[in-house]
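Visitor: sequence first, then the predicted structure:
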Amino acid sequence: MVLDAMLFAVLGISVYTDLKYNKIFNAVLAPAAAAALLGNLYLFGAAGGLDSLKGMMLGMAFLFVPFALGGMGGGDVKLMGVVGAFKGPGFVWTAFICSALAGGLLSLGVMAAEGRLLLRLRAVFYTFLSILGVMPRGLNLLGHPKTGSTGSFPYGVAIAAGTILAYFLAR
């Protein structure tokens, strides 16, 4: 229960800093990871410490490729690792899936707020038709309207929302 409260505190701080500074600070994440590892080791013995370590590594592994491709910051990767360190590998999988769903909904909201949602959906539709090889005759895929950048949003918010959803689903 104490570890859960600590996790929620870390999520709250991370959401705040991600929204205010567009950054999740190592000064929050490093002590949180250490507290999670040591707390699980103390409460559940060597098996708890090992599960905590596995959860941390798995959580970071889930987001490593998007980070490596420039799609998100390192703080997001480390935050998912902290989630895994607190709750273990089984939980971090559910939190990752819920976070991805929350991130998708957030991105739709950002696109809608920027007035680019329909253009993006149209581009996805054209791409899908192109992949299927059923582009209508005379339609030039390169000629569809440019959708422009939708910018970004703080993915720490999606991680926090997904983790909270996963927490309640696990109960």
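Guide: That came through fine. Numbers count the residues shown, from 1 in each chain.
Visitor: first-to-last residue distance for stretch 12-31?
Guide: By Cα to Cα, to the nearest Å, the extent of stretch 12-31 from end to end equals 15 Å.
Visitor: let me see the mean pLDDT of it.
Guide: With pLDDT averaged residue by residue, stretch 12-31 scores 97.
Visitor: list the buried residues of that stretch.
Guide: I13, S14, V15, T17, D18, I24, V28, L29 (16 or more other Cβ atoms under 10 Å). Heads up, the C-betas are built off the backbone N, CA and C, glycines and all.
Visitor: OK, contacts around A36?
Guide: The contact partners of A36, by Cβ atoms under 8 Å, 6 or more residues apart in numbering, come to L3, M6, L7, S52, M56, V82, A85, F86.
Visitor: what's the answer for K78, then?
Guide: I24, N26, L29, A33, M60.
Visitor: need the contact list for the second one.
Guide: It refers to N26. G75, K78 are the contacts of N26 under Cβ under 8 Å, 6+ apart.
Visitor: and L101, what element?
Guide: Per DSSP states H and E: L101 is located in helix 89-113.
Visitor: who are the packing partners of that helix?
Guide: Under the contact criterion of 3 or more Cβ pairs under 8 Å, 6 or more residues apart in numbering; DSSP states H and E, helix 89-113 touches helix 26-68, helix 74-87, helix 117-132, helix 155-170.
Visitor: could you list the low-pLDDT ranges of this protein?
Guide: Low-confidence segments of the chain, defined by pLDDT under 70: 135-151.
Visitor: and the gap between W93 and N22?
Guide: W93 sits 27 Å away from N22 when distances are taken as Cβ to Cβ, to the nearest Å.
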